[in-house]
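> Curious how this folds, go ahead:
(one chain, ligands or ions: 1)
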Amino acid sequence: MESSLPSSQILDSDGNAERKNEAKNYNEVMSTLPKVKGLRGDDYYLYQGFWYAPFFLERLMSVQEHFHPQSTDIFVASFPKTGTTWLKALTFAIFTRSRLSGSTTSSLLSKMPHDCVPFLNYNLAQNPSNRDLTIPLLSTHVPYSCLPKSIISSCCKIIYICRDAKDAFVSLWYFHATLQRSKNVEPLPLEEAFELFCNGIANFGPYWNHVLGYWRASLEFPEKILFLTYEEMKKDTAAHVKKLAEFMGCSFTLEEEEEGEVQKIIGMCSFEKLSNLEVNKNGKCLLDISIPIPNSIFFRKGEIGDWANHLTPEMGARLDDIMERKLKGSGLKLPR
Ligand code: A3P
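Below you'll find the model as predicted:
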């Protein structure tokens, strides 16, 4: 079996020295990149066509260099705030359903979905043992063109989710504003953050290029990449749960369908169920070494169209117009 561990962390007999050298090299690369002030107040760096906060960029460079997936791995890919948590819960519940009576599925009752499906460039870049090798699910916010070559050239499957840009932006702003306030830092005003977003400046952005990368790849490799939208998944969750199972190679049997397995999974992963679990109300996760993130901020409203309560119609029309222009000719029209 191929290793999924960054080699710096496997071969590190000299330990810290090697890791420090690697960080130094990444810092040298970063110092040559264009940068701007980002949503988090820190600098975002333009690397291979996308913007990254330093924490994420350093880990991206590390996984680009060292990561090797297992051939059976399935990646949940997304731009932040587009439905990652929900998709992780669903894929995890679908994959582990045969162990329903065992401990694995109930993991969703005691563990936040991000702790059930680890992030390639947070959890695994920092601590390779943050992975249960019997569950081939990993996740990433990395744009398709920046994924490690070892993933692109593998036969690993990727499930991508995206959503209306206005809702994604509002969700992103609230996420950062809540985090900043928890650190007693005044967040960037929504209008200023909106301006940045419209200029493509967001961690892992521009948003439209993130979406387009996975969209085009899904057209080229439909057997490897499943392209989903949050809105369509909300509209017909049952059909999507079956589609996900089929894509993941673990279709529901007739017997399972008759026994209501699909509905059980939908209920288990619903916003209402997950957001009311103790672990998601009061727990914290460590996605960023510097800040334990309250799990509750991954569950805000879970609605379509909430942007209208936060952006003016003019702001909405402006972002729609940008998305329409950027996606023109791609054959993709995101639901609103
Ligand atoms: P809102 O901020 O619009 O409510 P991500 O998981 O990529 O960080 O995205 C977060 C968004 O997904 C948030 O959207 C959050 O409320 C919503 N969400 C989280 N869990 C969900 C679930 N089980 N079902 C539907 N939406 C969910």
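
> what's the nearest residue to residue 237 if we skip its chain neighbours?
Nearest non-adjacent residue to residue 237, counting by Cβ to Cβ, 6 or more residues apart in numbering: residue 266, 5.1 Å away. Any C-beta I mention is one placed from the backbone N, CA and C, and that applies to glycine too.

> give the contact list for that neighbour.
Contact analysis of residue 266 by Cβ atoms under 8 Å, 6 or more residues apart in numbering lists 237, 238, 241.

> now do residue 269
Contacts of residue 269 by Cβ under 8 Å, 6+ apart are 86, 89, 90, 93, 108.

> looking at those, which has the most residues close by?
Neighbour counts for the contacts of residue 269 (other Cβ atoms under 10 Å) peak at residue 90, which has 27 neighbours.

> So, low pLDDT: which residues of this protein?
1-20, 99-106, 123-130, 287-290 (pLDDT under 70).

> how far away is residue 74 from residue 192?
38 Å (Cβ to Cβ, to the nearest Å).

> More neighbours: which of these two?
A direct count of neighbours by other Cβ under 10 Å for residue 74 and residue 192 places residue 74 higher, at 23 against 13.

> Please give me every residue in contact with the more buried one.
91, 95, 136, 137, 138, 156, 157, 158, 159, 248.

> what ranges do the strands span in the stretch 101-250 of the chain?
Ranges of strands in the stretch 101-250 of the chain, per DSSP state E, counting those that start in this stretch, are 137-140, 157-162, 225-229.

> and which of the contacts of residue 269 is nearest to the ligand?
residue 86 (3.6 Å; Cβ to the nearest ligand atom).

> what does the stretch 51-200 of the chain have sitting close to the ligand?
Residues of the stretch 51-200 of the chain that fall close to the ligand, judged by Cβ under 6 Å from any ligand atom: 78, 80, 81, 82, 83, 84, 85, 86, 89, 167, 171, 174.

> Redo these as TSV? Include secondary structure and distance to residue 259.
Putting those into TSV (DSSP: H, G, I helix; E, B strand; the rest coil; distance: Cβ to Cβ, whole Å) gives the following:
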residue	secondary structure	distance to residue 259
78	strand	31
80	coil	36
81	coil	34
82	coil	32
83	coil	27
84	helix	29
85	helix	27
86	helix	23
89	helix	20
167	helix	34
171	helix	35
174	helix	38
